[in-house]
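Participant: Build me a structure from this.
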Amino acid sequence: MARKPQENPALDMTPMIDVVFELIIFFVVTIKQEDMFSKLNANRPAPSSGSSSTSESDTTVNIDIGRGLGGSPNGTIVYNKRAIKLAELNQNLREVARTSTKTPIIIKCTVDSPHKALVDVLDVCYGNGLFSVSVFTM
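Facilitator: From the prediction side, this is the model:
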C-alpha cells in the first residue's frame with residue numbers, strides 16, 4: 001500500500017477575524033466617553049431668582065470693528081458707549097474692582113475682531129481681579 005503524501009492543514013482565519021471585529025465593535029459601543037465639558041473650568045450663570053433685569057453695577061466692555069462710533073477702526077475698545085485706550089480701560093476696571101470684584105464683565109466682539117484686542121482686554125480684567133467675565137460674538 002502506497003501512502004498518500006500528507007497535506008498541510010490550513011487554518012481558516014475568517015472566523016477569527018470576525019470575532020476580533022465583533023470585540024472591537026463591542027468595546028467601541030460600550031466604552032464610556034468622558035464628558036469634555038464637565039472638565040472645563042467655566043463659570044456658569046446662577047439660576048435667576050425671577051427677575052431678569054440687569055443691575056447698575058454691570059459693566060459692558062465692547063470690542064467693535066467698524067460698527068460702533070461711526071465706523072471705528074479695528075480693535076477699538078468701546079467702554080460704556082465711548083471709545084477708550086487700553087490704559088484708560090485699566091483705570092476704569094480698577095475702579096470697578098474696588099467696588100466689587102464680582103461685578104460681571106460682558107465683552108462683545110465682532111466675528112472679525114483681532115484676537116490681540118480681546119486678549120488685551122481679558123488681561124486687563126484678570127490683572128484687576130475681575131473673573132466674572134463673559135465673551136460674546138456679534
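Participant: Moving C-terminal from the helix or strand of the chain with the lowest mean pLDDT, which element do we reach first?
Facilitator: Least confident helix or strand, the chain: strand 59-64 with a mean of 51, by mean pLDDT, DSSP states H and E. Using DSSP states H and E, the helix or strand that follows strand 59-64 in sequence is strand 76-79.
Participant: What are the buried residues along that following strand?
Facilitator: For strand 76-79, burial by neighbour count (16 or more other CB atoms under 10 Å) applies to 76-79. The C-beta positions use only the backbone N, C-alpha and C, and glycine is treated the same way.
Participant: for this protein, which helix is longest?
Facilitator: Longest helix in the chain, counting residues (DSSP state H): helix 14-30.
Participant: which parts of it are buried?
Facilitator: Within helix 14-30, judged by 16+ other CB under 10 Å, no residue is buried.
Participant: which secondary structure elements does that helix contact?
Facilitator: Packing partners of helix 14-30 (3 or more CB pairs under 8 Å, 6 or more residues apart in numbering; DSSP states H and E): none among the helices and strands.
Participant: Just the C-alpha atoms of it, please, in PDB.
Facilitator: Listed next in PDB are the C-alpha coordinates belonging to helix 14-30 (Å, rounded to 0.1, in the frame of the first residue of the first chain):
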ATOM      1  CA  THR A  14     -12.100  34.200   8.700                       C
ATOM      2  CA  PRO A  15     -13.900  33.200  11.900                       C
ATOM      3  CA  MET A  16     -11.100  34.600  14.000                       C
ATOM      4  CA  ILE A  17     -11.200  37.900  12.100                       C
ATOM      5  CA  ASP A  18     -14.900  38.100  12.600                       C
ATOM      6  CA  VAL A  19     -14.600  37.600  16.300                       C
ATOM      7  CA  VAL A  20     -11.900  40.300  16.600                       C
ATOM      8  CA  PHE A  21     -14.100  42.800  14.700                       C
ATOM      9  CA  GLU A  22     -17.100  41.900  16.900                       C
ATOM     10  CA  LEU A  23     -15.000  42.500  20.000                       C
ATOM     11  CA  ILE A  24     -13.800  45.900  18.600                       C
ATOM     12  CA  ILE A  25     -17.400  46.900  17.900                       C
ATOM     13  CA  PHE A  26     -18.500  45.800  21.400                       C
ATOM     14  CA  PHE A  27     -15.800  47.800  23.100                       C
ATOM     15  CA  VAL A  28     -16.400  50.900  20.900                       C
ATOM     16  CA  VAL A  29     -20.100  50.800  21.600                       C
ATOM     17  CA  THR A  30     -19.800  50.100  25.400                       C
END
